[in-house]
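A.B. asks: my questions are about this predicted structure, shown below with the sequence.
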Amino acid sequence: VEGTDYVARVCHVTPNNSSQNIAEGIIRRFDLEPGKRTRIEITLSPVMNRLAIGDRLRIHICSSSYPKYGRHLNTRESFHLEVERNAMLSKQCLILGGTNNGCHV
């Protein structure tokens, strides 16, 4: 694909499994090569949050946050000029742990 979005969210999860987004960031990349590992850094919005006993944080990685951010059909067009017939699928692989070869799609 010609480009794609990466969105990271930090969620506050309570013991009853309710979840609230507390921070979010997005980056739009056009310099990716298929099959090549690329380090992606996403800056999150500032956050101040207090966790109670039993609460936890969840990291949510995805490729969209529409309608909060303009949609991205994985082309080089500006999001407001993109049309569905030109949309491209983007297969993303999340690799955790440095030299870990595991792929989390």
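C.D. replies: It's in.
A.B. asks: avg pLDDT for stretch 25-37?
C.D. replies: This predicted structure assigns stretch 25-37 an average pLDDT of 82.
A.B. asks: need the residues that contact it.
C.D. replies: The contact list for stretch 25-37 (CB atoms under 8 Å, 6 or more residues apart in numbering) reads 1-8, 38, 40-45, 65, 69, 72, 76, 95. Every C-beta, even on glycine, is put in place using the N, C-alpha and C of the backbone.
A.B. asks: if you count neighbours, what's buried in it?
C.D. replies: The neighbour-count criterion (16 or more other CB atoms under 10 Å) identifies 26, 32 as the buried residues of stretch 25-37.
A.B. asks: stretch 50-67 now?
C.D. replies: Within stretch 50-67, the residues that qualify as buried are Ser65, counting by 16+ other CB under 10 Å.
A.B. asks: alpha carbons only: can I get it in PDB?
C.D. replies: Output for stretch 50-67, consisting of C-alpha atoms alone and laid out as PDB, is shown next (Å, rounded to 0.1, in the frame of the first residue of the first chain):
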ATOM      1  CA  ARG A  50      -5.300   7.300  39.000                       C
ATOM      2  CA  LEU A  51      -5.700   3.600  39.100                       C
ATOM      3  CA  ALA A  52      -7.500   1.900  42.000                       C
ATOM      4  CA  ILE A  53      -6.500  -1.500  43.300                       C
ATOM      5  CA  GLY A  54      -7.500  -4.100  40.700                       C
ATOM      6  CA  ASP A  55      -7.500  -1.600  37.800                       C
ATOM      7  CA  ARG A  56      -5.200  -2.100  34.900                       C
ATOM      8  CA  LEU A  57      -4.000  -0.400  31.700                       C
ATOM      9  CA  ARG A  58      -4.600  -1.800  28.200                       C
ATOM     10  CA  ILE A  59      -2.700  -0.800  25.100                       C
ATOM     11  CA  HIS A  60      -4.800  -0.800  22.000                       C
ATOM     12  CA  ILE A  61      -3.100  -0.700  18.600                       C
ATOM     13  CA  CYS A  62      -5.200  -0.300  15.500                       C
ATOM     14  CA  SER A  63      -5.200   1.400  12.100                       C
ATOM     15  CA  SER A  64      -8.200   3.700  12.400                       C
ATOM     16  CA  SER A  65      -9.900   6.100  14.700                       C
ATOM     17  CA  TYR A  66     -12.700   7.300  12.400                       C
ATOM     18  CA  PRO A  67     -14.500   9.700  12.800                       C
END
